[in-house]
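S.K.: need the 3D shape of this:
(one chain, ligands or ions: 1)
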Amino acid sequence: LQWPSAAAAAARDKLLGGLLADGLDDGSCHSRYQSAMYRRNAGREPSPHLVSKLRRHEELQRRCGPGTAAYSDAVERLRSGKSGGIVSPSPEAECRYLVSISYRGLGNRILAAASAFLYAMLTDRVLLVDPSNEMDELFCEPFPGATWLLPPGFPLANYTSFSVETAESYGNMVKNKVITTDAGDAAPTTAQLPAFAYIHLDHTSTVEDKFFFCDEDQRAIRNIPWLVMRTDSYIVPGLFLVTGFQDELDSLFPETDAVFHHLGRYLFHPTNHVWGLVTRYYDAYLATAQQRVGIQVRVFGAQPESPKLLDQITTCTQKEKLLPEVIAAGEPPVVDVALANSKSKAVLVTSLKSWYYEKMKSMYWEHATATGEAVSVHQPSHEEYQRFGARSHDGKAWAEIYLLSLSDALVTSGWSTFGYVAQGLAGLTPWVMHKPANDTAAAAGDDPPCRRDVSMEPCFHAPPFYDCRLKRGADTGKMVPHVRHCDDVQWGLKLV
Ligand code: GDP
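M.R.: Residues are numbered from 1 along each chain as shown. As a prediction, the model looks like this:
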């Protein structure tokens, strides 16, 4: 590691401004308190309200989580299909739960868990994450003295196959009038409440499923003891549409463009094995460079090696002055040698394919840079194809997301949740490479090779398009301040 001084390193706030609780067992999760030493960008400060809310939420997870009498009672009631003995609907007194299903790629799973956590915090529910898909092997436990993993023996045995068809989905229960929300402001009585509801929020969700983002539906959902949520998306911008959450969200996150930045750094600590992959790579290849530029090249399906995409990468990085231009062979560089020798750049490429990395590496070897800077190019792995449920595959993916997040500047591929997570952890607004709108635009050179994003927040790919008050379709990108459409996915929503 290269720091201005050891004292400065020691002084870095390992608790990230109070985001992390102090005093956890260091040995079981080295990354938790070491990550600050690897980040040159100290990141945003969490608000005092967020810090105290996190400590209270941790207390809730300890009081109601697995291993407590409250948890055993709640599981028993779910098993017997009872909604529970909530006599007075005092949510603080009762333990209520949110189970978050983990599916799809790693970036999707991270965004889903972060979204579920914020919803759990807003509604005082215990968050339990479905441990399948390696959620238990990739991440340390985030809550001190409590587990966030759903233990074996959960009574809804088939919960991971819940889908849009599931009768107990909130959308289907509304459609079939099992739950009604039109009783004015009065929430349904406990006698009418089901023991659980399945919240279906993936790309197949219906209009009724998306009533989840309406105030009166939130009131109906509030006292249901168990929720099981499926999403592969970052639903947080949708939570900002719910009037009842707005004051709390404003005080938790006075900077609305840093919500995932805080949630992500709070929740996702690589386990020791993955942290080894991160730190060994960083120390060996990236630590000594003056500047690190991360380039995420997302290759979908069996996309062939694309000279056009390679050109997009080099044009983008050179035009935006992230990397130096190269000069034609034979020409002597016009530089101040002493100055140039003191500058070096390390480029970290992440991709399923190695072709882009090899081309860039050759370019900076075979040609001198116009500035005289030394540019080294690195890529930790090239897994060739996206795989589901392969252990070492996801460990590498997580290490690479994390390594990208240790960059000083980031270039990402639009549409990719892998890149969203890296930029959020880094606290960096990336330059995004978009797919050309069409071939004519590409040929005419109308599309810039990349554009600076509007914020570091992830994009919500499957948002609602509904005005809950007027009960009709609406452009949700124009309804509240700080929630607008994304640049990469035009119908998507993001916080700015
Ligand atoms: P998204 O599909 O781009 O939104 O990102 P996801 O992370 O959800 O899913 C893509 C999956 O493909 C990742 O989780 C990895 O398993 C794999 N993958 C994609 N790009 C890379 C890469 O650059 N490096 C590695 N190691 N894996 C990748």
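S.K.: what sits against the single nearest residue of the stretch 101-250 of the chain relative to the ligand?
M.R.: Among all residues of the stretch 101-250 of the chain, residue 105 sits closest to the ligand, at 1.9 Å; criterion: C-beta to the nearest ligand atom. Placement of C-beta: from N, CA and C, glycine included. In this structure, residue 105 makes contact with 386, 388, 397, 417-418, judged by C-beta atoms under 8 Å, 6 or more residues apart in numbering.
S.K.: can you select the buried ones from those residues in PyMOL?
M.R.: Taking 16 or more other C-beta atoms under 10 Å as the burial criterion, the selection of buried members of the contacts of residue 105 in PyMOL is written as:
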select buried, resi 397+417+418
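S.K.: which of the contacts of residue 105 lies closest to residue 252?
M.R.: The shortest gap between residue 252 and any of the contacts of residue 105 belongs to residue 417, at 22.8 Å (C-beta to C-beta).
S.K.: what's the end-to-end length of stretch 362-372?
M.R.: End-to-end distance of stretch 362-372: 16 Å, with C-alpha to C-alpha, to the nearest Å as the criterion.
S.K.: doesn't residue 114 make contact with residue 234?
M.R.: Yes. Using C-beta atoms under 8 Å, residue 234 is in contact with residue 114, at 7.1 Å.
S.K.: okay, and the common contacts of those two?
M.R.: Here residue 234 and residue 114 have residue 260 as joint contacts, going by C-beta under 8 Å, 6+ apart.
S.K.: compare these two (neighbour count), which wins?
M.R.: Neighbours of residue 234 and residue 114, each counted by other C-beta atoms under 10 Å, are more numerous for residue 234; the result is 33 against 25.
S.K.: for the stretch 351-496 of the chain, which segments are assigned as helices?
M.R.: Ranges of helices in the stretch 351-496 of the chain, per DSSP state H, counting those that start in this stretch, are 355-366, 391-404, 417-426, 439-443.
S.K.: show me which residues of this structure are close to the ligand?
M.R.: 104-108, 298, 350-352, 381, 383, 386, 393-394, 396-397, 400, 416-418 (C-beta under 6 Å from any ligand atom).
S.K.: make it 5 Å
M.R.: 105-108, 298, 350-352, 381, 383, 386, 396-397, 400, 416-418 (C-beta under 5 Å from any ligand atom).
S.K.: circling back: return the most buried member of the helices of the stretch 351-496 of the chain.
M.R.: When you average the neighbours per residue for each of these (mean count of other C-beta atoms under 10 Å), helix 417-426 leads with a mean of 26.
S.K.: other SSEs contacting that helix?
M.R.: Contacts of helix 417-426 with other secondary structure elements, assessed using 3 or more C-beta pairs under 8 Å, 6 or more residues apart in numbering; DSSP states H and E, are made with helix 106-122, helix 259-267, strand 291-297, helix 391-404, strand 409-413.
S.K.: list the contacts of the fourth one.
M.R.: Here helix 391-404 makes contact (C-beta under 8 Å, 6+ apart) with 105-107, 110, 133-134, 137-138, 270, 273-274, 277-278, 281-282, 286, 294, 296, 348, 350, 380-381, 383, 387, 410, 418-419, 421-422, 425-426.
S.K.: and the residues you listed, which are buried?
M.R.: With neighbours counted by 16+ other C-beta under 10 Å, the contacts of helix 391-404 contain buried members at 105-107, 110, 133-134, 138, 270, 274, 277-278, 281-282, 286, 294, 296, 348, 350, 380-381, 383, 410, 418-419, 421-422, 425-426.
S.K.: now do the strands in the stretch 151-300 of the chain.
M.R.: 196-200, 226-230, 291-297 (DSSP state E, counting those that start in this stretch).
S.K.: is it possible to get TSV of those that adds distance to residue 478 and mean pLDDT?
M.R.: Putting the strands of the stretch 151-300 of the chain into TSV (distance: least, C-beta to C-beta, whole Å; pLDDT from 0 to 100) gives the following:
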stretch	distance to residue 478	mean pLDDT
strand 196-200	25	98
strand 226-230	27	98
strand 291-297	30	98
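S.K.: contacting residues around the nearest residue to residue 243 once chain neighbours are set aside?
M.R.: With C-beta to C-beta, 6 or more residues apart in numbering as the measure, residue 215 is the residue that lies nearest to residue 243, at 5.2 Å, once sequence neighbours are left out. Each residue near residue 215 by C-beta under 8 Å, 6+ apart is listed here: 242-244, 468.
S.K.: next one: residue 27 from residue 273, what distance?
M.R.: 14 Å (C-beta to C-beta, to the nearest Å).
S.K.: please name the residues that touch the spatially most central residue of the chain.
M.R.: Nearest to the geometric centre of the chain sits residue 111, at 3.5 Å (C-alpha atoms, centre = their mean). With contacts defined as C-beta under 8 Å, 6+ apart, residue 111 is in contact with 232-234, 260, 417, 420-421, 458.
S.K.: picking that back up, restricted to buried residues, select the contacts of residue 215 in PyMOL.
M.R.: For the buried members of the contacts of residue 215, the matching PyMOL selection, counting by 16+ other C-beta under 10 Å, is:
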select buried, resi 242+468
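S.K.: from the contacts of residue 215, which land in helices?
M.R.: Where the contacts of residue 215 overlap with helices, as defined by DSSP state H, the overlap consists of 243-244.
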